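okay, predicted coordinates and the sequence, questions at the end:
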Amino acid sequence: MESSAQIFQYILSGLANGSIYGIIGFGFAIIFNATGIINFAQGEFVMLGGMVTVFLLSLLQWPLVYCILLAILLTLIVGIIFERLAVNPLKDASPITIVIITIGASIFIRGIAMLVWGKDTYPLPSFSGDTAINLGGATIMPQHLWILGLTCIIIILNRLFFYHTIYGKAMRACSVNPKAAGLAGINVRAMVLISFAISSALGALAGIIIAPLTLTSYDVGIMLGLKGFCAAIIGGMGSGMGAVLGGFVLGILESLGAGLISAGYKDAIAFIVLLAILFFRPGGLLGRSGIERV
Amino acid sequence: MLTVKNVNTFYGQLHALKNVSLHLKKGEIVTLIGANGAGKSTLINTISGLTPPRTGSILLDGFAIEKLPPHRIVELGISQVPEGRQIFNTLSVKENLELGAFLYLRKKGGRRLYEEMVEKIFHLFPVLRERCHQPAGTLSGGEQQMLAIGRALMARPQILLLDEPSMGLAPLIVKEIFSVIHALARQGGTTILLVEQNAKAALRIADRGYVLETGKVIMEGEALELMENKEVKRAYLGRDRKDIWER
Ligand SMILES: Nc1ncnc2c1ncn2[C@@H]1O[C@H](COP(=O)(O)OP(=O)(O)OP(=O)(O)O)[C@@H](O)[C@H]1O
Ligand SMILES: [Mg+2]
């Protein structure tokens, strides 16, 4: 029998991992809402966040926080270039064509990363040291607290942006009815660009805050991207809050499964959950039923 | 103030507008009538930049706009109330109106102009004030049409393009909406292009009209003339068809 403290431990670390999946899933949802496409290069933004931070740290020797901010900015610029070069020119291409383009782009970005940084894995220092904190019999790393705290901040900022600024409302309008949004004077293509900027920055942030726990390398984007995609699907593709919730569900199930059954099943659980959701609730947990997206 | 000259618009192979020309003078109400599939929506979408013409020109006060994207055309003062209302269903009524004001709300100090405009819209359609915080999708058809018109007016257009505003609405609501449209032109000086299947009602408030058939303008003239025209009477006014709208 597992002790309740141990279960609590699994849930805590599940929540932390789940936050990461949720933030990545959020990125999927924002682009999906703006364009109706699934951006399979999302995982590469996650990889770039972590790898560029590691790189800047050793190159510039600046304090960690500056390197992080600069890495997010650089990834955001990659996101914008990606949209301009790969997505924007294909004005009337079918969604499936664009999805394939995003897969191609992700392979390209990963290839470049491998050429530049090799196949090694790199560590990133924790933001506040590695002294575990005792919490009711379970231990939690300061980095876990950073992850949970930043996730809360992202949720709040998202809420403020999408519900209390005119640009956020315009992005919601574009996802409900792009034609009417154009007729209201909204530049729909600019909104698509903004969605890529936000998604790439979110992805980078996710990659940076998880790197101290898992190490990072040129190919972390594959698995993290897929987990984020699962989170978005669980939440009902297109619902930002749903993706975060989906991330939590996935993270907790994963860590319980790994702890109680076998660590070998950790990655398989994501796909089992994904299939179960697609089978029993194809609209996702928060999808359909008139609940608003974003 | 708006001149459409020899415009040809295509959907792939389909030639939807064939050498269409039309003009609007300031403060006029012009109606565009025609059967289903005649190309009425295509024409106003072409003006709005949603389906740009392959050839021909569209001049606004002498300035060519036929190659501009929809949001630029709105900026220049041409707003459209699209067919089927196309409101933002999951957003609140207030948010829909804010998005109509997107062009100036994004600028500093735009809030003030917005408050002023939204009061005008509430004055025009008081029911929208009551429904302010409701999701727009929960409004009745008539209320949604009012919201769609309100949203377009928030942009403070000089020219308003309306695509079948009476579609699917009860006669009483149609009457209210038509009297608002009439007042917009007569008191507000807004220029109006009104697409209608309800030709009789449209010709009654219009100054002039155009008749569109399979992508071609087959007739144009003063509203009174068209109303008396045998051809128009036969095809669109239907001698023994009951009046859908009574003044
Ligand atoms: N998006 C589209 N793709 C292809 N063909 C289209 C498209 N929209 C309209 N058409 C075709 O173009 C022609 C003109 O259509 P349009 O919608 O402009 O007619 P309309 O006069 O507005 O008709 P209605 O009274 O039914 O609204 C029709 O033959 C229609 O089938
Ligand atoms: Mg039509």
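Noted; the coordinates are in hand. Ligands and ions are numbered 1, 2, ... in the order given.

burial of residue A:171, as a residue count?
Other residues near residue A:171 number 26, with proximity taken as other CB atoms under 10 Å in any protein chain shown. For glycine as for every other residue, the C-beta is placed from the backbone atoms N, C-alpha and C.

ditto for the one 5 residues further on
Other residues within reach of residue A:176, judged by other CB under 10 Å, total 23.

pLDDT value on it, please?
Looking at residue A:176, its pLDDT reads 90.

downstream of the helix or strand hosting residue A:11, the next helix or strand is which one?
Under the criterion of DSSP states H and E, residue A:11 resides in helix A:4-35. Downstream of helix A:4-35, the first helix or strand assigned by DSSP H and E is helix A:42-60.

got the angle between the next helix or strand after that next one and helix A:42-60?
Next in sequence after helix A:42-60, counting helices and strands by DSSP H and E, comes helix A:64-82. In terms of direction (axes from the mean of the first three to the mean of the last three CA atoms, to 10 degrees), helix A:64-82 departs from helix A:42-60 by 130 degrees.

helix A:64-82 - contacts with which helices or strands?
In terms of contacts (3 or more CB pairs under 8 Å, 6 or more residues apart in numbering or on different chains; DSSP states H and E), helix A:64-82 is packed against helix A:42-60, helix A:188-214.

report the buried residues of the longest one.
I take that to be helix A:188-214. By 16 or more other CB atoms under 10 Å in any protein chain shown, the buried positions in helix A:188-214 come out as A:188-189, A:191-214.

tell me how many other residues crowd residue A:256.
17.

at the contact with ligand 2, which residues of chain B appear?
Residues of chain B lying close to ligand 2 by CB under 5 Å from the ion are B:41, B:83.

residues of chain B that sit close to ligand 1?
Applying CB under 6 Å from any ligand atom, we find that chain B lies next to ligand 1 at B:11, B:14, B:16, B:34, B:36-42, B:83, B:197.

okay, and for the chain, where does confidence drop off?
Let's take chain A. Residues of chain A meeting the criterion pLDDT under 70: A:1-2, A:284-294.

you answered for a different chain; I wanted chain B.
Along chain B, the model assigns pLDDT under 70 to residues B:238-247.

work out which residue lies at the spatial centre of chain B.
Nearest to the geometric centre of chain B sits residue B:162, at 1.2 Å (CA atoms, centre = their mean).

for it, what are its contacts?
Shown in contact with residue B:162 (CB atoms under 8 Å, 6 or more residues apart in numbering or on different chains): B:80-81, B:149, B:181, B:192-195.

so where does it fall, helix or strand?
Using DSSP H and E, residue B:162 maps to strand B:159-163.

can you give me the strands in chain B?
Secondary structure of chain B, counting by DSSP state E: strands at B:2-11, B:14-24, B:29-33, B:55-60, B:63-64, B:78-81, B:159-163, B:191-196, B:208-213, B:216-222.

please identify the most buried of those strands.
A comparison of these by mean neighbour count, using mean count of other CB atoms under 10 Å in any protein chain shown, puts strand B:78-81 on top with a mean of 28.

hey, C-alpha coordinates of that one in PDB?
Extracted C-alpha coordinates of strand B:78-81, given in PDB (Å, rounded to 0.1, in the frame of the first residue of the first chain):
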ATOM      1  CA  ILE B  78     -17.500  51.800 -45.600                       C
ATOM      2  CA  SER B  79     -19.200  49.400 -43.200                       C
ATOM      3  CA  GLN B  80     -21.200  46.300 -44.000                       C
ATOM      4  CA  VAL B  81     -24.000  44.600 -42.100                       C
END
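
OK, contacts around the nearest residue to residue B:56 once chain neighbours are set aside?
Nearest non-adjacent residue to residue B:56, counting by CB to CB, 6 or more residues apart in numbering or on different chains: residue B:7, 3.5 Å away. Residue B:7 makes contact with B:17, B:19-21, B:43, B:46, B:53, B:55-58, B:66, according to CB under 8 Å, 6+ apart.

tell me the one of those nearest ligand 2?
residue B:43 (9.2 Å; CB to the ion).

that closest one and residue B:33 touch, don't they?
No - in this structure, residue B:43 is not within contact of residue B:33 by CB atoms under 8 Å, at 11.7 Å.

now do the residue of chain B most remote from its centre against residue A:166, distance only.
Farthest-out residue of chain B from its mean C-alpha position, per CA atoms, centre = their mean: residue B:108, at 29.4 Å. From residue B:108 over to residue A:166 the distance is 12 Å, taken as CB to CB, to the nearest Å.

also residue B:67?
With CB to CB as the criterion, residue B:67 and residue A:166 are 27 Å apart.

of those two, who's got more company?
Between residue B:67 and residue A:166, counting by other CB under 10 Å, residue A:166 is the more crowded of the two (22 against 11).

for chain A, which residues are neighbours of chain B?
Residues of chain A lying near chain B by CB under 8 Å from any CB of the partner chain: A:166-167, A:169-170, A:172-173, A:176-177, A:179-189, A:290, A:292-293.

among those, name the ones in helices.
Residues of these located in helices (DSSP state H): A:166-167, A:169-170, A:172-173, A:176, A:179-183, A:188-189.

closest one to residue A:5 out of the residues of chain B next to ligand 1, please.
residue B:83 (62.9 Å; CB to CB).

which ones are touching that closest one?
B:41, B:163-164, B:167, B:195.

can you pull the domain assignment for chain B?
For chain B, the structural domains run B:1-77+B:158-247, B:85-156, going by automatic domain parsing.

picking that back up, for the residue farthest from the centre of chain B, what are phi and psi?
Phi and psi for residue B:108, reported as degrees, to the nearest 10, are phi -60, psi 140.

list the contacts for the residue in chain B that ligand 2 sits nearest to?
Going by CB to the ion, ligand 2 is nearest to residue B:41 of chain B, at 3.1 Å. Contact analysis of residue B:41 by CB under 8 Å, 6+ apart lists B:83, B:163, B:195.

would you mind putting the residues you listed into CSV with distance to residue A:87 alongside?
Putting the contacts of residue B:41 into CSV (distance: CB to CB, whole Å) gives the following:
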residue, distance to residue A:87
B:83, 29
B:163, 31
B:195, 34
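
for residue A:137, which non-adjacent residue is closest in space?
residue A:5 (3.2 Å).

swap that for residue B:78, please
Per CB to CB, 6+ apart, closest to residue B:78 is residue B:159, 4.6 Å.
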